[in-house]
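# predicted structure and sequence below. I'll ask about it afterward.
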Amino acid sequence: MLNKSRRGSRHVLCLVSAAVLAVLFAATAFIPAVKTVSISNAKSAGSRFYSKQALSGFCISYTHSVNKGRVHDYYSCTSDNELVVDATSFVSYGAGIPEASETSGAVFSLNEDEYKISGLNRRIPNLLMAVGVIAEHSITIGNREFFLKDFFAPQTSVLIKVKKVPLLEYAVHKL
């Protein structure tokens, strides 16, 4: 009789352990818990990548369509999940390049290689952009540069935003 009781206890323990494992799996698979910068196809959930390191800041770079110079836009992330355009640097003015006078507190500077406008402090909920055919769009996170055409077809609409994702999804799609 004692052996039956022990087997019953083991069975209950196994069931409880299985239930705990199922709950933990569900939590990692479905509950958004990891704050990241998400880079995704805006029209399809299939192509997406996540970076926790980008929460410390990142740079979007591209070749300007008119002046053919390289433009670098620097972003940071806020605690309330917004992006902030902090600065831009470029080799010459062209369409879409801001003037420092357009933004209160912005500072224009020049060094021998480029112009820079810092202090832009433009808060945006997300960044929607199209991967250019010849623009060579890239995102630099830390010291690693990723060309968006390596992840998305040219002319794909890409959405960049701060969001929480499940741990399992982050592990599968992290940069």
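It's in.
# only C-alpha atoms from now on, for both contacts and neighbour counts.
Will do.
# any low-confidence regions in the chain?
1-9, 11-13, 16, 18-28 (pLDDT under 70).
# please enumerate the strands of it.
Along the chain, counting by DSSP state E, strands occupy 34-41, 48-51, 58-63, 70-77, 83-90, 107-110, 115-124, 127-130, 138-141, 144-147, 157-165.
# pairing partners for the first one, with directions?
The one in question is strand 34-41. strand 48-51 (antiparallel), strand 157-165 (antiparallel) (DSSP bridges).
# got the CA coordinates for the last one in PDB?
Taking Å, rounded to 0.1, in the frame of the first residue of the first chain, the C-alpha atoms of strand 157-165 are listed here in PDB:
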ATOM      1  CA  SER A 157       8.100  49.100 -46.800                       C
ATOM      2  CA  VAL A 158      10.000  48.600 -43.500                       C
ATOM      3  CA  LEU A 159       8.700  49.600 -40.100                       C
ATOM      4  CA  ILE A 160      11.200  50.300 -37.300                       C
ATOM      5  CA  LYS A 161       9.800  50.700 -33.800                       C
ATOM      6  CA  VAL A 162      10.300  49.900 -30.100                       C
ATOM      7  CA  LYS A 163       8.200  47.000 -29.000                       C
ATOM      8  CA  LYS A 164       8.000  44.000 -26.600                       C
ATOM      9  CA  VAL A 165       8.200  40.500 -28.100                       C
END
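# what's the angle between that strand and strand 70-77?
Angle of strand 157-165 versus strand 70-77, following axes from the mean of the first three to the mean of the last three CA atoms, to 10 degrees, is 20 degrees.
# and the contacts of strand 157-165?
31-43, 55, 77, 81-83, 125-131 (CA atoms under 8 Å, 6 or more residues apart in numbering).
# go ahead and build a PyMOL selection from the buried members of these.
Those of those that count as buried under 16 or more other CA atoms under 10 Å are selected in PyMOL with:
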select buried, resi 32+33+34+35+36+37+38+39+40+41+42+55+77+81+82+83+126+130+131
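# and the strands of the chain: which comes nearest Val172?
strand 48-51 (8.7 Å; CA to CA).
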